[in-house]
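Novice: Show me the folded form of this:
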Amino acid sequence: MASLLRVLKGPIAVVGDEFFTLTFRISGASKYYVIKGDLRREDVGRMVKDMMKSNVTLAIIQEDLRKYFEDVEIPASILTTYIPDLKSRPKFNIKEFYLSLIRRYLGISIVLG
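Specialist: Residues are numbered from 1 along each chain as shown. Okay, here's the model as predicted:
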């Protein structure tokens, strides 16, 4: 059975505040962008172009920055996921958040007891 999902191995990029990016850098992310203050559309565009030049295959972006990335076209070759940081985590239903990621990326639904 052929799969429509094509997984490519490549660099991981992280975008967020200093603590958020440090967490993923320790885990092996090779590209990181530390955000201090507000972002401009041009800044986000430059980041995405740099990710494309570096052949990034996964971009992990701090959930609080989602609004800045919604207006910029990110190529399908970069799997993009938004993850809450420790400060905003209490606002989220973490269980539902990760289940929705699984539904969106894998196309399956999981029921947890």
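Novice: Low-confidence stretches in the protein?
Specialist: In the predicted model, the chain carries pLDDT under 70 at residues 1-8, 88-99, 101-113.
Novice: which residue is nearest the middle of it?
Specialist: Among the residues of the chain, the one closest to the centroid is Ile60, at 2.4 Å (Cα atoms, centre = their mean).
Novice: contacts for the helix or strand containing that one?
Specialist: Assigned by DSSP states H and E, Ile60 belongs to strand 58-62. Strand 58-62 has contacts (Cβ atoms under 8 Å, 6 or more residues apart in numbering) with 10, 12-17, 20, 24, 29, 35, 51, 69, 74, 78-85. In this view, the C-beta of every residue, glycine as well, is placed from N, C-alpha and C.
Novice: just to revisit the earlier point, now do the same contact list for the residue nearest to the residue nearest to the centre of the chain when sequence neighbours are not counted.
Specialist: Using Cβ to Cβ, 6 or more residues apart in numbering and skipping the chain neighbours, the partner closest in space to Ile60 is Val14 (4.9 Å). Going by Cβ under 8 Å, 6+ apart, Val14 touches 20-21, 24-25, 29, 31-33, 59-61.
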